[in-house]
Structure formats: C-alpha cells, structure tokens
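Student: build me a model:
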Amino acid sequence: MEGRPALDTEFFTRLMRHHQQGRRYPPSTWAVGFAERLLFALFPEHEGRCLDSLSELRAEFSLLHAELLRILVPLQPELPRPAAALAADFMDTLPGTFDTLMADAQALLAGDPAARSLYEVIRAYPGFYAVALYRMAHTLHRLGVPLLPRLITEHAHGKTGIDIHPGAVIGPEFCIDHGTGVVIGETARIGQRVKLYQGVTLGALSVTKDLAAVTRHPTIEDDVIIYAGATILGGDTVIGAGSIIGGNVWLTQSVPPHSRVYYHGGDEVRPPSPAR
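Tutor: Numbering: from 1, shown residues only. The predicted model follows:
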C-alpha cells in the first residue's frame, strides 16, 4: 500500500527467531491452570465444590502430577535434574505446604475482626489466595524450575494487587490484610507470625543488575506488624522480632527487637524498646 513502509525479509527473519526460541517454553496458561487446579485440590472451599470420594481425590492428585510433568518436560534443558524427579519432589512437598497454608489461614482469621470463618478466609480473601500461589511458586523456585514460579506469582499479582517474588522466604502464619499494593522482593526474609497491611513495600535500595546475587531486600523477624504504606528497603535492614512499624514509615536501617516506629508531624519517632 502506498505510503506504508514494506516489512522486509530481514525483519521477518529476526521475528521468526523469537517464535522458534519461544516454542520450547510451555504456555503460560498451563502453569496458571496447574496452580489453580492444585489450589482447588488442596482447598475445595476456594471454588465451593468438593470431590465425592477418597478415590476421586487420589485420582485428582495423580492427574496433577502428570500435568506438572507435562509442563516441566519442555524445560528439561534448563532444569537442574530430570523433570520426572522434580515433579515427584514437588508433589512430596504438598502435605507440608497444606499445613503451612492452613496456619496462614488461621492467622488471617485470628487477626481480622471482620473475618467470620476459615471458609470465608480461604474462599474470599485476596491475601490468602496470593500467599497460596506464592507458596506453590516458591517450592518450584527452590527446586530450580525456571519461569513457571514467576508466571504463577504474576497471575496472583494481577488478580490481587499483591506482588510476592517466588524467591522470597516467608515463615508460617503469614497474614496479609487487604493487601492491594503489597510488594515483597526476591531476597526478602520474613519470619513467623508476621502481618502486613496494604501498600507495604519490602524492597531494595539499589536495582543495578550486578547486585542480583546478593541480598537486596530486608529481613523481617518473627511477630512483626507492618502497617499500611510502610516502605522498608535494603538487604542490611533487619526489623527485630516483635516490632511494630507504623503506617507510611520509610526505613532504610535496622531497628532492634520490640521497637515501635511511627511518624508524628512528619518526623520519625522511635520509642526505646521496652525491657524484656
């Protein structure tokens, strides 16, 4: 057509290389579908439908195993071990994953006065959904599986606004209340019984590529509460156990255990840690 530049052979040749290279990766829908199906198998409350017998439940997990293997096989050149071994190892972790997620759900129920039942938390709370998919993705990440963990957590991010990198290490009884805008970076370490509110960022002070192999994100010790809008940055930043970080606080340095950090009139206020 006159006035429109021609798409030449060189352009199509370059573009074809992308199509050929991308063919070795499974479709994103496979990874997301597996995670959603696994969530249903572990927590039928999530969809409001249940299987009818133990044999049906066993068959469902056999199908899940086969589905994971189908997803992993195209990635074999990038896997640290045979796809079959990794799929079996992942399935072996599921009892522990289930127990941890039950503890997460109980923490949400106990910590939110608006929650009426465990069923409601599992069925309706975006914090539980995002953490459930994160825990699946984290297991795949630990096993050395590329790409799939990020596909799963980014799906949860898109649905909930909660962005948890699959490389983060998060202890049990983890509670994200409301959750929209929460960001947890790749090398963050979070202890047990930690509670985050909406808009919390656990991020890096620097995002240069040469720091990819070092700890860039903060460590949050046990029994910490971080209120809405707080930003905590840096791999050397440690929030001591039992601390409370107030809303909209900006922290780039560590605080000792049992600290209370908040802003008053634009100034950061750090009362001394109470005697223990």
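
Student: run the chain-centre distance for stretch 24-37.
Tutor: 16 Å (CA atoms, centre = their mean, to the nearest Å).

Student: now it: buried residues?
Tutor: The neighbour-count check on stretch 24-37 (16 or more other CB atoms under 10 Å) flags 25, 26, 30, 31, 32, 34, 35, 36 as buried. All C-beta spots, glycine's among them, are computed from the backbone N, C-alpha and C.

Student: the helix or strand harbouring the last one - what's its average pLDDT?
Tutor: This means residue 36. Assigned by DSSP states H and E, residue 36 belongs to helix 28-42. The pLDDT scores in helix 28-42 average 95.

Student: show me what whichever helix or strand comes after that helix is packed against.
Tutor: On the C-terminal side of helix 28-42, the closest following helix or strand by DSSP H and E is helix 54-72. Helix 54-72 is packed against helix 28-42, helix 83-92, with contacts defined by 3 or more CB pairs under 8 Å, 6 or more residues apart in numbering; DSSP states H and E.

Student: switch the ones you listed over to TSV; also include distance to residue 235.
Tutor: As requested, the helices and strands packed on helix 54-72 are arranged in TSV below (distance: least, CB to CB, whole Å):
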stretch	distance to residue 235
helix 28-42	29
helix 83-92	29
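
Student: among the ones you listed, which comes closest to residue 197?
Tutor: Smallest distance to residue 197 across those (CB to CB): 23.8 Å, for helix 28-42.

Student: now find how far off-centre the helix holding residue 36 is within its chain.
Tutor: 15 Å.

Student: which helices and strands does it pack with?
Tutor: Short answer (3+ CB pairs under 8 Å, 6+ apart): helix 28-42 packs on helix 54-72, helix 94-111, helix 126-142, helix 148-160.

Student: sounds good, over and out.
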